[in-house]
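1. 3D, please:
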Amino acid sequence: MRTLNDFPILGKWPAQHPDRLQLYSLPTPNGVKVSIMLEETGLPYEAHRVSFDTQDQLSPEFLSLNPNNKIPAILDPHGPGGQPLALFESGAILVYLADKTGQLMPQDPARRYETLQWLMFQMGGVGPMFGQLGFFHKFAGKAYEDKRPLGRYAAESERLLGVLNGHLKGRRWMMGDDYSIADIAIFPWVRNLIGFYEARDLVHYDQFTEVDRVLQAFVARPAVQRGLEIPRAA
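-> Purely as a prediction, here's the structure:
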C-alpha cells in the first residue's frame, strides 16, 4: 500500500497536516475551481502555492504529481480504498471531490450527466477560448500585427457567452435551483474574462444580463470569496 512518503512532491512542499487533502495551485480561473469546491464542501485541506515566477510547475517534484506541468493538482491521503490518490486536471478533480463528499453533483443519473456536459462545455470551450482571448488582448498577443486571431477568439467567446445566457434564462444556476460543479467550473472564467483580462467591451458583455446575474450571485457566496484568494501569497 502506498503512503504519503512515496510522493516526491512532499519534499518540496512538506505537509504540515498530512491527514488533510493537499492542494497545489494558484488563484487562476482553473486553480480557484478546486479551492472554491473545497471551501464549499468543508473538506479539510492544506494549500500550497505553485509559483510560476520561480517555475515551480517545472520542478521535478511537481512534475512527479502532474507531468503536464499545470495547476491545480491534489494529493488526497484518503483516496479510494483508503490509499493516497494523486490527481490533476481541474475538471477531474471537481468530479472526484463531488463524488467523495456527495455534494454539488446531482444524484439522479440523468441530472449527473447533464451537469457533466456543462463541465465539459467549460473545459473544452469556455476555458480555452477565454484564455486565448486573454493572451491576444492583454498579453504578448498585443504585439501581433495580424488582428485575426484576436477577432476569432473574441467572436467565439461572445458566442459562448450567448449560449450561457440563453441557458440561464429562468434558471437560478446552471442546473436550475441546484448549485453545482458546473457553476464552480464556469463562473471563475467569466469573472476573469471581464476582470483580469479586461475584455468586457470586446465581447459586448453587458448584453448578457443572465450571465451577469448568476456571476454576481456566484461571487457573493462566502465560500467563493474565500476560495478566490487561495493559495495566498507568502
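
2. now do the strands in the protein.
-> 21-25, 45-49, 73-76, 85-88 (DSSP state E).

3. same list (those) but as CSV, adding mean pLDDT, mean neighbour count and distance to Gln122.
-> From N, CA and C alone the C-beta is placed, and that goes for glycine too. As requested, the strands of the chain are exported to CSV (pLDDT from 0 to 100; neighbours: other CB atoms under 10 Å; distance: least, CB to CB, whole Å):
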stretch, mean pLDDT, mean neighbour count, distance to Gln122
strand 21-25, 98, 25, 17
strand 45-49, 97, 20, 22
strand 73-76, 98, 24, 18
strand 85-88, 98, 18, 17
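
4. quick one, which of the ones you listed is nearest to Val32?
-> Set against Val32 and scored by CB to CB, the strands of the chain come closest in strand 21-25, at 7.9 Å.

5. Lys33 and Ile186 touch, don't they?
-> No: the criterion here is CB atoms under 8 Å, and Lys33 misses it with Ile186 at 9.3 Å.

6. got a list of what Thr28 touches?
-> Applying CB atoms under 8 Å, 6 or more residues apart in numbering, we find Thr28 in contact with 71, 192.

7. kindly recompute the last result at 10 Å.
-> Contacts here follow CB atoms under 10 Å, 6 or more residues apart in numbering; on that basis Thr28 touches 52, 70-72, 90, 131, 188-189, 192, 196.

8. check Trp13 too.
-> 22-24, 46-50, 56, 59, 61-62, 65, 75.

9. which stretches of this protein have low pLDDT?
-> Residues of the chain that meet the criterion pLDDT under 70 lie in 233-234.

10. ok, 80 please
-> The model of the chain has pLDDT under 80 over residues 1-2, 140-144, 233-234.

11. helices along that one, start to end?
-> 9-12, 29-41, 60-65, 90-101, 109-121, 127-138, 148-168, 181-194, 209-219, 222-227 (DSSP state H).

12. want to throw those helices into CSV with distance to Gly79 and mean neighbour count?
-> As requested, those are exported to CSV (distance: least, CB to CB, whole Å; neighbours: other CB atoms under 10 Å):
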stretch, distance to Gly79, mean neighbour count
helix 9-12, 15, 18
helix 29-41, 15, 25
helix 60-65, 13, 17
helix 90-101, 8, 20
helix 109-121, 21, 16
helix 127-138, 26, 20
helix 148-168, 33, 17
helix 181-194, 19, 25
helix 209-219, 29, 17
helix 222-227, 22, 16
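
13. relative to Met174, which of these is closest?
-> helix 181-194 (4.0 Å).

14. put together TSV for the helices of the chain, with distance to Thr3 on each row.
-> Formatted as TSV, the helices of the chain follow (distance: least, CB to CB, whole Å):
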stretch	distance to Thr3
helix 9-12	10
helix 29-41	23
helix 60-65	15
helix 90-101	19
helix 109-121	32
helix 127-138	34
helix 148-168	43
helix 181-194	29
helix 209-219	38
helix 222-227	29
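
15. who wins for proximity to Leu202 among those?
-> Judging the helices of the chain by CB to CB, what sits closest to Leu202 is helix 148-168, at 5.0 Å.

16. got the angle between that closest one and helix 209-219?
-> Taking axes from the mean of the first three to the mean of the last three CA atoms, to 10 degrees, one finds helix 148-168 and helix 209-219 inclined to each other by 80 degrees.

17. having no further points to raise, I will conclude here.
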